[in-house]
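Engineer: predicted coordinates and the sequence they were generated for:
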Amino acid sequence: MLLKRADEIEKIHNAGRIVRAALDAMRDSIVPGVSTTADLERVAAATITAAGGTSAFLGYAPPGHPPYPAWTCISVNEEIIHGIPGRRKLEAGDVVSCDVGVRKDGYFADSAWTYPVGGISREIEKLLRVAEEALYQGIEQARAGNRVGDIGHAIERHVRRHGFSVVREMVGHGVGRQLHEPPQIPNHGSPGRGPLLQEGATLAIEPMVMMGGHRIECLADQWTIVTGDGRASAHYEHTVAVTANSARILTQGD
C-alpha cells in the first residue's frame, strides 16, 4: 500500500476535479435517441484537454490485452465495464456507465457513474440506487485501522440484501502515481481481513453490480465485460484518501 503526503493527495484531488467535470459533461450530453457513446467520448476528451489533463486509459495495455483505444470507458446496459465508445446510440430506457480516468501533473484519479437514459424501469432504478448506496457503504469503511476486507464486506452485504450480485472478478485498486497501485479492493470480503488501511492511502473503490448471477463474459474486442445473462448492470466509483476517522472523496468536485 503506497501512502501519500498531503501535497500528493492534493494533486490527486486536482485530477479528480477534472474527472468529475468530464463525468458531469457526459451526463449533460445524454439525449435519448440522438447521442452515441462516441459523442460522450468527444465531450469528455474536450473537457479533460481544456483542463490540462490527459486520459489515463488511452493506450493502456495490461498483459493479455491490446492497447485501450479510447479516452473513456462507456458501457451500456449489459456491458459492465470497459465498453469502447463507438456508434451505439443511447435509447430511452438504457443505462450508461461512464468511467473516466485522468492524469494531471503526474498523478491519477478515477471515477465512474451510471446514468439513466430517459425513463427507466423501477427495477433498474433500484439497481442504480443500490449500487450507488453500496459505493458509499464501502467508502464509510475506508478509514485508518480498518482492513480492505471491511470495504468489500460492506459493499456485498448491501448489494445482496437487495437481491443483486457483485462482480467478483473485477476489483477496485490503489491509485496515485499510477492508475493501478496496490492493494486490490474486491467488492466482497470478510471483516477484519486483508491489508491494513493506513492514513494517506488513496484508493479507487468501485462496486460493479448485476441484476442476475455472478457470471460474466469478455467480448471479442478483448476489453468489454458483459453480464452472462444479458441483464443490466451498474458501476459507481470514487477515488478516496484514507484519513484517521473517515475517507475523503477526491472525485466529487469542490
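Structural biologist: Okay, I see it. Numbering: from 1, shown residues only.
Engineer: chain neighbours aside, what residue packs nearest to C98?
Structural biologist: M26 (4.8 Å; Cβ to Cβ, 6 or more residues apart in numbering). For the C-beta atoms, the positions are set from N, CA and C on the backbone; glycine is no exception.
Engineer: and that neighbour, how far is that from G53?
Structural biologist: Separation of M26 from G53 (Cβ to Cβ, to the nearest Å) stands at 15 Å.
Engineer: ditto for D28
Structural biologist: Counting by Cβ to Cβ - D28 and G53 are separated by 19 Å.
Engineer: more neighbours: these two, which one.
Structural biologist: Using other Cβ atoms under 10 Å as the criterion, D28 and G53 rank with G53 on top: 24 against 10.
Engineer: G101 is in contact with the more buried one, correct?
Structural biologist: No: the criterion here is Cβ atoms under 8 Å, and G53 misses it with G101 at 9.6 Å.
Engineer: identify the residues contacting the residue nearest to L3 when sequence neighbours are not counted.
Structural biologist: Among residues not flanking L3 along the chain, G200 sits closest, at 3.6 Å (Cβ to Cβ, 6+ apart). Taking Cβ atoms under 8 Å, 6 or more residues apart in numbering, we find G200 in contact with L3, K4, R5, I9, A241, V242.
Engineer: can you tell me the SS state at the residue lying closest to G176 once chain neighbours are set aside?
Structural biologist: Closest residue to G176 apart from its sequence neighbours, by Cβ to Cβ, 6+ apart: T202 at 5.0 Å. With DSSP: H, G, I helix; E, B strand; the rest coil as the basis, T202 sits in strand.
Engineer: give me the number of residues near the nearest residue to G33 once chain neighbours are set aside?
Structural biologist: Leaving aside its sequence neighbours, G33 sits nearest to E91 (Cβ to Cβ, 6+ apart; 5.9 Å). By the criterion of other Cβ under 10 Å, E91 has 14 neighbours.
Engineer: tell me the contacts of E91?
Structural biologist: P32, G33, V117, G118.
Engineer: any idea how far V76 is from it?
Structural biologist: Counting by Cβ to Cβ, the separation of E91 from V76 is 9 Å.
Engineer: check G59 too.
Structural biologist: From G59 to V76 the distance is 23 Å (Cβ to Cβ).
Engineer: check R147 too.
Structural biologist: R147 is 35 Å from V76, by Cβ to Cβ.
Engineer: same check on M170?
Structural biologist: Taking Cβ to Cβ, one finds M170 at 17 Å from V76.
Engineer: ok, now H235?
Structural biologist: The spacing between H235 and V76, counted by Cβ to Cβ, is 11 Å.
Engineer: which neighbours do the two share?
Structural biologist: S97.
Engineer: of those two, who's got more company?
Structural biologist: H235 (28 against 20).
Engineer: which residues touch the more buried one?
Structural biologist: 75, 80-81, 97, 99, 112-114, 131, 206-209.
Engineer: for it, which residues make a bridge with it?
Structural biologist: M208 (DSSP bridges).
Engineer: read off the pLDDT value for it.
Structural biologist: Here, the pLDDT recorded for H235 equals 99.
Engineer: same check on the one 4 residues further on?
Structural biologist: Reported pLDDT at T239 in the predicted model: 99.
Engineer: next: D254.
Structural biologist: 66.
Engineer: surely E125 is in contact with A131?
Structural biologist: No: using Cβ under 8 Å, E125 and A131 do not qualify as a contacting pair, with a distance of 11.0 Å.
Engineer: pick out whichever of the two has more residues nearby.
Structural biologist: Taking neighbours as other Cβ under 10 Å, E125 and A131 compare with A131 leading, 26 against 13.
Engineer: what comes into contact with the strand or helix carrying that one?
Structural biologist: Assigned by DSSP states H and E, A131 belongs to helix 122-140. The contact list for helix 122-140, computed with Cβ under 8 Å, 6+ apart, reads 95, 114, 116, 120, 151-152, 154-159, 162, 164, 166, 185, 187, 205-209, 211, 232-238, 240, 246-247, 249.
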